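J.: From the sequence below, what's the structure:
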Amino acid sequence: MKWSLIRDRKFYLILFWLFFTAVFALWWMQVGMTHVELLQGLLPDQKAHWESQKRMFFWEGIAWMGLLLVGGLTSLYLLSKEKSHLESLKTFFASFNHDVKTSLTSLRLQAEALKEDLEGQESANRLLGRLISDTMRLQIQLENSLFMSASEAQNLLVEKKSLKRFLESAKMKWPQIEVKWDADAEIYVDERGFSIVVNNLIQNALNHGQANEIQFKVSSPAEGKVLISFKDNGVGFKGTAQHLGSLFFRPTSKSGTGMGLFISKELIEKMGGSFELGHDLTKGFCGTLLLKGDLV
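T.: Next up is the predicted model:
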């Protein structure tokens, strides 16, 4: 908790304010007493009056600095309590998300097993497919929420990973949409973070674009760089794309919260890359991911 407080810039702003105002109060007290001494030298017959003025400046300065010190310490105490409260909320939220995610994973696996057992029964397969899809959507939302709850303290482990492995995993998780790619690459990413990005892109294509196919094209614009272009065959986006990727931006009443694209961009940038949406989104949702890595 102490280290968390020291890393907070509010802590240093309070210290700066306390130091600046305390020095200003000390300067004011010193200047006032100096002027009284000068006046006392000019009018020595009123010594008792000037002595009382000096005492007034002295005690007013002490009281001022005392109040500033109390105010500064109170601000630090309240900041510490706020940080402690936020840490408790984050711990609870992370624990809650983990438990719910475990339950959803178990539910999805059981639904997939039941779908295999009931293969050939069209109505049952359709309902189970919808259940699996909704379960995956909830899992992605929980992953996004978990990232948002710990975004300030999020530590990513960036390692060289195979892009193909992420896409193969996504293809198995999302049987409702065809995931295609033209090449493999070794990219420097955080495994969990990049999985969240891929799943958010596929969920966006499936739920908002009503797409049944998403393609990933891999190229190398420069040495040590990998450019991943993605595009789905859905309805695209007909509105103004300027604010897409902003948190809680809802272009229509049926739109999501914008959390998926926002988190995807945040994660890619934290991994040392860049995330850009395409200029023309009317013929399918598209964009690019630029990451460190090499083609295979």
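
J.: Packing partners of the helix or strand hosting Phe20?
T.: Using DSSP states H and E, Phe20 maps to helix 9-42. Where contact means 3 or more C-beta pairs under 8 Å, 6 or more residues apart in numbering; DSSP states H and E, helix 9-42 is packed against helix 47-117. From N, CA and C alone the C-beta is placed, and that goes for glycine too.

J.: if you average pLDDT over the helix it packs on, what comes out?
T.: Per-residue pLDDT over helix 47-117 has a mean of 78.

J.: Tell me how far it lies from the chain's centre.
T.: Distance, stretch centre to chain centre, for helix 47-117: 18 Å (C-alpha atoms, centre = their mean, to the nearest Å).

J.: Just after it, pick out the following helix or strand.
T.: Reading on from helix 47-117 to the C-terminus, the next helix or strand found by DSSP H and E is helix 122-149.

J.: Helix 47-117 and that next one, what's the angle between them?
T.: Angle of helix 122-149 versus helix 47-117, following axes from the mean of the first three to the mean of the last three C-alpha atoms, to 10 degrees, is 160 degrees.

J.: Mean confidence (pLDDT) on helix 122-149, please.
T.: For helix 122-149, mean pLDDT is 71.

J.: That one: what's the following helix or strand?
T.: Per DSSP H and E, the first helix or strand lying C-terminal to helix 122-149 is strand 158-162.

J.: Tell me the helices and strands packed up against the helix or strand just after that following strand.
T.: Using DSSP H and E, the helix or strand that follows strand 158-162 in sequence is helix 163-173. The helices and strands touching helix 163-173, judged by 3+ C-beta pairs under 8 Å, 6+ apart, are strand 178-181, strand 185-190, helix 191-203, strand 213-219.

J.: now helix 163-173 against strand 158-162, angle please.
T.: Using the same axes, to 10 degrees: helix 163-173 against strand 158-162 is 70 degrees.

J.: can you pull the buried residues of helix 163-173?
T.: Buried residues in helix 163-173, defined by neighbour count with 16 or more other C-beta atoms under 10 Å: Leu163, Lys164, Phe166, Leu167, Ala170, Lys171, Lys173.
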